[in-house]
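*Asks:* predicted coordinates and the sequence they were generated for:
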Amino acid sequence: MIKVVLLLAILAGMGWLAPGLMGQAPTDKSGASANWTPAKTPWGDPNLQGMWDSRTGVPLERPAEFGNREFMTEAEALERRKRGLDAGASGEDEEEGEADSLNKQDEKRYATADKPDDGRPGYRIAGAEYNAFWSADPTRPKMSLRTSRIVDPPDGKLPPLTSAALTRWEARHHARKTRSQADDWRDRNVMERCLLRPGLPMGEIIGTNQFSVVQIAQSPGHVTIMMPYGYARIIRLGQKNNLSPAIRQWNGVPVGRWEGNTLVVETTNFLGRQDGGEILTVRRPWFYYPGSGETLKMTERFTPTDENTIEYRYTIDDPGVYVRPWTAVVDFVRDTWSSSGKQDRIVEYSCHEHNYGMTNAIKGAKVDRAQALDEERREEKVRAKELARRWEETKKWEASNKK
């Protein structure tokens with residue numbers, strides 16, 4: 001019984017039990033409603049409080065089919081939804097149909113995991129690390145006409161990495177050539193070690209089906225954003241960041257101010273290990289923020305556009321990693337489960353995988369070092385291919401921007 005109650009609490013915290021499908025109709029291009037003014041807190045600030053679903057069906061980078069178009073037509077948006085390209089629901093609308101669909105997904109995933117070796121890194125468990133329940137998305141994110149989250153550069157693509165960033169990653173890549181996947185804890189990434197998700201803002205704030213709801217609370221002089229991964233961003237308002245550059249935190253030091261109805265937050269002083277690993281992130285090397293964090297400045301703008309929507313716009317300015325700043329936009333939508341009075345707080349997504357599993361992972365790699373080395377060599381090939389592609393992008397950019 002206790003397990004059932006806990007499961008329901010987790011589902012509620014993630015907004016998975018909200019009735020029906022949310023946001024069936026596309027939003028307008030501006031996202032704003034005419035003649036609408038946000039409510040105020042008792043002390044006069046725009047009121048952003050509540051629980052917000054931060055999931056989006058919009059890809060970070062723009063698909064080539066849209067070129068430089070920032071918005072698609074409603075017909076195109078509906079067609080993409082029909083094709084399942086907007087991260088729509090995993091199964092059926094009805095609970096029984098959803099459960100049946102998840103069971104079938106599990107059967108397929110486990111069967112795939114048992115196939116003979118095909119040379120992929122992690123092929124023994126790829127796709128079967130979690131059962132389908134944890135990756136289910138029974139409600140759809142709000143439909144949007146945006147073709148990509150990235151709005152600057154105009155092509156909707158991430159800028160190339162700098163030569164310095166690639167040189168650093170290449171050095172770490174070569175440092176791994178004598179190591180296995182788990183010689184010690186430094187070989188495992190920060191997410192597996194339960195330290196943080198893949199860095200702000202790409203992993204912590206922008207929701208996935210496992211981390212979909214953030215909670216905003218306000219008090220005079222402060223705004224607090226509760227994150228589903230178990231920590232709170234406490235934003236001081238109207239003050240300057242006077243901390244020494246030597247004082248750093250995993251998620252930086254945020255300072256905010258109001259510009260009309262928009263909350264502007266500038267965050268610096270990130271800890272210099274935002275890129276995921278002590279030596280090099282293993283598995284999916286570009287999944288984490290690809291920089292040291294030392295030169296990162298993140299500027300966020302939270303603008304309420306109607307009673308149930310906040311436009312979240314963030315700019316990443318990191319000259320040590322990207323050749324130019326870039327900006328992305330996502331809509332936060334008021335969480336229907338909490339707004340109907342059925343949920344009043346976020347339930348922490350407690351990470352325990354390597355609080356107890358790290359020792360076993362290292363022991364396993366030492367017992368069968370040949371397999372641990374074999375898996376590392378597979379990943380080495382993937383990294384080498386990705387590094388070559390990134391170097392090509394960077395050199396092409398440098399050649400066209402010599403001035």
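*Replies:* Yes, it's here.
*Asks:* for the protein, what's the longest helix?
*Replies:* helix 369-400 (DSSP state H).
*Asks:* in that one, what counts as buried?
*Replies:* 372-373, 375-376, 378-380, 382-383, 387, 390-391, 393-394, 397 (16 or more other CB atoms under 10 Å). For every residue, glycine as well, the C-beta is placed using N, CA and C.
*Asks:* same check on stretch 336-353?
*Replies:* For stretch 336-353, by 16+ other CB under 10 Å, it's 336, 337, 338, 343, 346, 347, 351.
*Asks:* tally of neighbours for the closest residue to residue 221 other than its chain neighbours?
*Replies:* Spatial nearest neighbour of residue 221, chain neighbours left out: residue 237 (5.3 Å); criterion: CB to CB, 6 or more residues apart in numbering. Neighbour count for residue 237, taken as other CB atoms under 10 Å: 18.
*Asks:* now for residue 237: which residues touch it?
*Replies:* Applying CB atoms under 8 Å, 6 or more residues apart in numbering, one finds that residue 237 lies in contact with 221, 222, 223, 255, 256, 257, 258.
*Asks:* mind checking which of those are buried?
*Replies:* Burial by neighbour count, judged by 16+ other CB under 10 Å, picks out 223, 255, 256 from those.
*Asks:* just the residues you listed: which are in strands?
*Replies:* Here DSSP state E is the test, and the buried ones among the contacts of residue 237 give 223, 255, 256 as lying in strands.
*Asks:* for the last one, name its beta-bridge partners.
*Replies:* So the one you mean is residue 256. Counting by DSSP bridges, residue 256 forms beta bridges with residue 237, residue 265.
*Asks:* so which residues of this protein form strands?
*Replies:* Counting by DSSP E, the strands of the chain are 50-53, 150-152, 213-219, 222-227, 231-237, 253-259, 262-268, 297-306, 309-317, 326-334.
*Asks:* now render those as TSV, adding distance to residue 109 and mean pLDDT.
*Replies:* Below are the strands of the chain laid out as TSV (distance: least, CB to CB, whole Å; pLDDT from 0 to 100):
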stretch	distance to residue 109	mean pLDDT
strand 50-53	26	90
strand 150-152	31	95
strand 213-219	26	92
strand 222-227	28	91
strand 231-237	31	90
strand 253-259	39	95
strand 262-268	37	95
strand 297-306	35	95
strand 309-317	32	94
strand 326-334	29	92
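*Asks:* could I get the ones you listed as TSV with distance to residue 42?
*Replies:* Converted to TSV, the strands of the chain look like this (distance: least, CB to CB, whole Å):
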stretch	distance to residue 42
strand 50-53	16
strand 150-152	35
strand 213-219	10
strand 222-227	14
strand 231-237	15
strand 253-259	15
strand 262-268	17
strand 297-306	17
strand 309-317	20
strand 326-334	20
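*Asks:* among those, which is nearest residue 177?
*Replies:* Each of the strands of the chain was scored for nearness to residue 177 using CB to CB, and the closest is strand 309-317 (30.9 Å).
*Asks:* what does the closest one rub up against?
*Replies:* The contact list for strand 309-317, computed with CB under 8 Å, 6+ apart, reads 27, 31, 48, 52, 54, 142, 152, 201, 205, 296-305, 322, 325-334.
*Asks:* narrow the residues you listed to those that are buried.
*Replies:* Buried members of the contacts of strand 309-317, scored by 16+ other CB under 10 Å, are 27, 31, 48, 52, 54, 142, 152, 201, 205, 296-305, 322, 326-334.
*Asks:* low-confidence ranges in the stretch 301-403 of the chain?
*Replies:* Applying pLDDT under 70 to the stretch 301-403 of the chain picks out residues 352-355, 403.
*Asks:* give the buried residues for stretch 45-56.
*Replies:* So stretch 45-56, judged by 16+ other CB under 10 Å, has buried residues 45, 46, 48, 49, 50, 51, 52, 53, 54, 55, 56.
*Asks:* got a list of what the fifth one touches?
*Replies:* Contacts here follow CB under 8 Å, 6+ apart; on that basis residue 50 touches 215, 216, 334, 335, 338, 339.
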